[in-house]
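Enquirer: Here is a sequence together with a model predicted from it:
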Amino acid sequence: MKLGRLEKLDLRTYWKKEATDFTPWLAQEENIQLLSETIGIELEVQSQEESVGPFSADILCKDTINDHFVLIENQLEKTDHTHLGQLMTYAAGLDAVTIIWIAQKFTEEHRAALDWLNRITDDTFTFFGIEIELYKIGESAPAPMFNIVSKPNDWTKQVKRSTNSQPATDTKLLQKEYWQGLKDFMEAKKSFVKMQNPLLQHWTNIAIGRSNFHLSASVSSRDNSINIWLNIVGEQAKENYDKLYKTAYENSLTEVSKDLIWDKMDGRKMSAIMLKAPNNFTDRNDWNNQFQWFKDNLECFTKYFKLKVAEL
């Protein structure tokens, strides 16, 4: 079999200008999805050229899991001090918790600066440095490639958060081990549902493609159950629940599960759609069966509700 040869292209051959070419390209859904897959955070674009004082940030997104701001700054050239300073200004002005700096090439000093920021900040602030490259094979269309050169040290920040906010009890440690086991199981089975890094808590969240909506997998030792939730939060939680109920309730009982529980949760600031199963998460011998239940049902939830939520 004859193999092609990768040819690296000058970024400017495809994107002449950052503001009018690259930024609008990146803000398109299929391209922001490529960046989402690279960093492991599902992003929803909020705006382009967002004003922050006298400056304009390139792209403002939200992390669909936690509804936190994600700010993206683009450079089609080597990193410089001006953009590093802008990032700090934008972060302060927007109270952004995730900063993504995309450039053609990172200097060692700027990569080290992002590494340092990730070390000294707590888990409410995270910084990514990403190099963008462009390739083609023969006469093929150009293909972009994102390469991470600096990223948060998740393990260190999780240890900080666990130490500062809650004691690492035996139960909490077992919960974290359980979620790591589920994450490994989902990856081994090549599931399209992407799990977040495990924490010392009884739940783990999964993105479903839109802010104010997310899935949660949870375990309860109080009633010996494992659960899946579609959480609807935000100022319009009740309105969104009503809309979703109208369009999705009837078919959800056949396409997801007849045991779904739809709960508007009157009196609370959220609503949810839940599925429960009787299982004891502390029984390690049963973990694989529980993991299979989570895989099957998380995939059903995602397949059915992701499109319904997007259409609201």
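Expert: Perfect, I can see it now.
Enquirer: where do the helices sit along the chain?
Expert: 23-27, 29-39, 81-94, 108-120, 154-165, 170-188, 237-255, 287-311 (DSSP state H).
Enquirer: can you list the residues that contact stretch 211-219?
Expert: 44, 62-67, 175, 178-179, 182, 202-208, 225-234, 236-237, 240, 281, 294, 298, 301-302, 309 (C-beta atoms under 8 Å, 6 or more residues apart in numbering). Yep, even glycine has a C-beta here, placed from its N, CA and C like the rest.
Enquirer: How far away from the center of its chain is that stretch?
Expert: 12 Å (C-alpha atoms, centre = their mean, to the nearest Å).
Enquirer: Return the set of buried residues in that stretch.
Expert: By neighbour count with 16 or more other C-beta atoms under 10 Å, stretch 211-219 contains the buried residues 211-219.
Enquirer: Could you chop this structure up by domain?
Expert: 6-153, 166-311 (automatic domain parsing).
Enquirer: Of those domains, which shows the lowest average pLDDT?
Expert: Comparing mean pLDDT over the domains of the chain, the weakest stretch is domain 6-153, at a mean of 89.
Enquirer: Compute the first-to-last residue distance for that domain.
Expert: 32 Å (C-alpha to C-alpha, to the nearest Å).
Enquirer: Then stretch 119-128?
Expert: By C-alpha to C-alpha, one end of stretch 119-128 lies 12 Å from the other end.
Enquirer: Ok, stretch 15-34 next?
Expert: 17 Å.
Enquirer: Distance from it to the middle of the chain?
Expert: 19 Å.
Enquirer: How about the contacts made by Trp262?
Expert: Counting by C-beta under 8 Å, 6+ apart, Trp262 has contacts 245, 249, 273.
Enquirer: Check the gap between it and Gly40 for me.
Expert: Using C-beta to C-beta, to the nearest Å, Trp262 is found at 30 Å from Gly40.
Enquirer: on that earlier part again, can you select the buried ones from the contacts of stretch 211-219 in PyMOL?
Expert: Selection command for PyMOL covering only the buried members of the contacts of stretch 211-219, criterion 16+ other C-beta under 10 Å:
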select buried, resi 44+62+63+64+65+175+178+179+182+202+204+205+206+207+208+226+227+228+229+230+231+232+233+237+240+281+294+298+301+302+309
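Enquirer: The contacts of stretch 211-219 in strands, which ones?
Expert: Secondary structure assignment by DSSP state E places 44, 62-63, 203-207, 225-232 of the contacts of stretch 211-219 in strands.
Enquirer: quick one: which of those is nearest to Gln290?
Expert: Nearest to Gln290 out of those is Ile226 (C-beta to C-beta; 5.6 Å).
Enquirer: give me the beta-bridge partners of the closest one?
Expert: Val219, Ala277 (DSSP bridges).
Enquirer: Then Ala57?
Expert: Beta-bridge partners of Ala57, as defined by DSSP bridges: Glu50.
Enquirer: Quick one: residues contacting it.
Expert: By C-beta under 8 Å, 6+ apart, the contact list for Ala57 reads 49-50, 71-73, 86, 90, 94.
Enquirer: repeat for Asp286
Expert: 279-280.
Enquirer: before we move on, the earlier item: go through the helices of the chain and name the closest to Pro144.
Expert: Closest among these, once you apply C-beta to C-beta, is helix 29-39, at 6.8 Å.
Enquirer: Pull out the buried residues from that closest one.
Expert: 31-32, 35-36, 38-39.
Enquirer: same deal with stretch 272-283?
Expert: 272-276, 279, 281.
Enquirer: distance of Glu177 from Lys183?
Expert: 11 Å.
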